[in-house]
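> Turn this into a structure:
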Amino acid sequence: MERTDRWRGLSLKVAEPSVPSLRMETADGRRMLLRQHGEPVLFAVQRVTHRGVHYARTGSYVSPLPHPRADLARALREASPDEDAWSARWAHHFAEWLGTSANGPLHEGDWQLVNGMPGWTVERHWPELLSYDPDRGHLTWFGYGDPVEDARDVLPLRTLSAPDSARVKAFRRQYREGVLPPVLLWWLSGLNSLVVLDGHERLVAALAEGGRPSVVILGRATSDAWVEWVSGPRTVEYEKRIAHFEKQRVEGEPLAGSRIAGESRRFADDLHSMGTSPCMTRAWPLPGGPQAWLREAADSVPGWRPDADR
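Prediction:
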């Protein structure tokens, strides 16, 4: 029998701080700066055509979560009757660690931790991370003649370790044992991309073993009013289709019942996707504006000259 009560995510209500340690700052000219504890982590500038974003990592990023112990990973796997329970347990641990972290992204408001990759991502982009992940690069949003390797769904916030490094080897053993913890991703709407908040080595380990990492995604929660607004047309269309299938069932159509069930499942999945789509990432004005951004970029990523005018 197919389960319909799968665990999908965890809601968080955060009371403080008003300004987090890890935050996106913005300046005129589509310029962005991801800052952590006052230090620049990543510079970015959107292209004037809105077809992508250029970025440069500084190498200063530090995960806001503690290193997940191997004994905890094994204990959570042994205590979990299925994948849903396992993901839920890790989400609760991530929420607890994020709530006490001094260098994380949480600020006051409603947040969510959602299980699994969103439907718009492309599976074949995963293995490409091992061969192409430059510290200074470009993320294309729509293609339009950009290099194929610029089409990515996940951006690490620091350089990935080699697959044969000591820490990655330890996580590769965990992957083979089936106990590797999920990678924690964070939705950054200004980049129109997911970034790796915690689990860079775990990401490499899963890919090096020929697999895919389990993921939990952090994002600001979407408001009920927005969900109601965007779901309105889909609800009207669903009701029309169900009425049509109900008429078929009354007329004796043998497949009408299964069509109603299938349409209802699709509608439920659509509503779930709408409800768990992350809200836009909040950003703060960069003190000093564009000139401050240019000065900090020159100091932190010297020689970086993104071509954002195309």
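
> alpha carbons only for contacts and neighbour counts from here, please
Will do.

> is it fair to say residue 194 lies in a strand?
Yes - applying DSSP: H, G, I helix; E, B strand; the rest coil, one finds residue 194 inside a strand.

> correct me, but it touches residue 139?
No - with contact defined as C-alpha atoms under 8 Å, residue 194 does not reach residue 139; the gap is 11.2 Å.

> Distance of residue 301 relative to residue 245?
60 Å (C-alpha to C-alpha, to the nearest Å).

> Can you list the residue ranges for strands in the stretch 51-200 of the chain?
Using DSSP state E, counting those that start in this stretch, the strands of the stretch 51-200 of the chain run over 52-57, 109-115, 136-140, 154-156, 183-188, 193-198.

> residue ranges of the helices in the stretch 151-300 of the chain, please?
Using DSSP state H, counting those that start in this stretch, the helices of the stretch 151-300 of the chain run over 166-177, 200-208, 224-250, 256-276, 289-300.

> Just name the most buried of the ones you listed.
Most buried of these by mean neighbour count (mean count of other C-alpha atoms under 10 Å) is helix 200-208; its value is a mean of 24.

> contacts for that helix?
With contact meaning C-alpha atoms under 8 Å, 6 or more residues apart in numbering, helix 200-208 is reached by 126-127, 130, 156, 158, 160-163, 167-169, 171-172, 175, 180-183, 212-213.

> again, only using 7 Å
With contacts defined as C-alpha atoms under 7 Å, 6 or more residues apart in numbering, helix 200-208 is touched by 127, 156, 160-161, 163, 167-168, 171-172, 175, 183, 212-213.

> Now distance to residue 107 too, for the residues you listed, in a markdown table please.
Formatted as a markdown table, the contacts of helix 200-208 follow (distance: C-alpha to C-alpha, whole Å):
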| residue | distance to residue 107 |
| --- | --- |
| 127 | 33 |
| 156 | 22 |
| 160 | 27 |
| 161 | 30 |
| 163 | 34 |
| 167 | 31 |
| 168 | 31 |
| 171 | 31 |
| 172 | 34 |
| 175 | 33 |
| 183 | 21 |
| 212 | 30 |
| 213 | 27 |
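
> Take the residues you listed and write them to CSV, including pLDDT and distance to residue 79.
Formatted as CSV, the contacts of helix 200-208 follow (pLDDT from 0 to 100; distance: C-alpha to C-alpha, whole Å):
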residue, pLDDT, distance to residue 79
127, 93, 30
156, 98, 30
160, 97, 31
161, 97, 30
163, 97, 29
167, 95, 25
168, 98, 25
171, 98, 20
172, 98, 21
175, 98, 17
183, 98, 19
212, 97, 22
213, 97, 20
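
> shouldn't residue 80 be in contact with residue 87?
No - at 8.8 Å, residue 80 does not count as touching residue 87 under the criterion of C-alpha atoms under 7 Å.
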